[in-house]
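# task: produce atomic coordinates for the following.
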Amino acid sequence: MKKICGKILAVNISQAKGEKKNNIGCGLFIENLGLENDAHAETGIRQVSLLAKESIEKIRAKGLYVNHGDFAENLTIEGIDLPSLPIGTRLKVGQKVLLEVTQIGKECHSRCNIFYTVGDCVMPREGIFAKVLTGGEIKVDDKIKIA
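Sure, this is the predicted structure:
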């Protein structure tokens, strides 16, 4: 049976594209834009990126210690098998925010440092992208569930 509820472990932001993101603990997600002040916030289908702790653990098992945000994901979560979600799945986060899954994985145009270090990177296969349907605040320890 597919788990339908998880938890937010980190809310990550960066000022520039192509760099790791840092956990800010709480962020404002803006309808049809993404995380306020994040380098990737823009209209389109990749407004918010999500990666599960379970995916990060696969890279840790290969001997590389990586943190939340090291894959440039906006939300690090646990408890939901993100890559198994169909496009169009809606995720309710916290009290108000509603996200819609728009893309599973991504093309990796240039290999990242993680790939060169351990020969693998999970974000292109297991990271997902979503658009913000209803904005609001998301913070660490908020519940995330399939709506």
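# Ile104 contacts Ile128, correct?
Yes. The pair Ile104 and Ile128 qualifies as a contact (CB atoms under 8 Å) at a distance of 5.3 Å. Any C-beta I mention is one placed from the backbone N, CA and C, and that applies to glycine too.
# joint contacts of those two?
Leu82, Pro83, Leu85 (CB atoms under 8 Å, 6 or more residues apart in numbering).
# residues near the first one, how many?
So that's Leu82. 25 (other CB atoms under 10 Å).
# what strand or helix carries the spatially most central residue of the chain?
With distances taken as CA atoms, centre = their mean, the chain has Leu50 as the residue nearest its mean C-alpha position (1.4 Å). Take DSSP states H and E as the rule and Leu50 turns out to sit in strand 48-52.
# kindly format the C-alpha coordinates of that strand as CSV.
Only the C-alpha atoms of strand 48-52 are listed here, as CSV (Å, rounded to 0.1, in the frame of the first residue of the first chain):
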residue,chain,number,x,y,z
VAL,A,48,9.0,23.8,-6.4
SER,A,49,11.4,20.8,-6.2
LEU,A,50,11.0,18.0,-3.8
LEU,A,51,13.3,15.1,-2.8
ALA,A,52,12.7,12.4,-0.2
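# list the contacts of it.
Identification of contacts with strand 48-52 by CB under 8 Å, 6+ apart yields 6, 29, 34-35, 40, 71-82, 99, 122-123, 126-132.
# what about 7 Å?
29, 34-35, 71-78, 80, 82, 99, 123, 126-130, 132 (CB atoms under 7 Å, 6 or more residues apart in numbering).
# the following helix or strand past that strand vs strand 48-52, what angle?
Note on strand 48-52: by DSSP H and E, the next helix or strand toward the C-terminus is helix 53-60. Here helix 53-60 points in a direction 70 degrees away from that of strand 48-52 (axes from the mean of the first three to the mean of the last three CA atoms, to 10 degrees).
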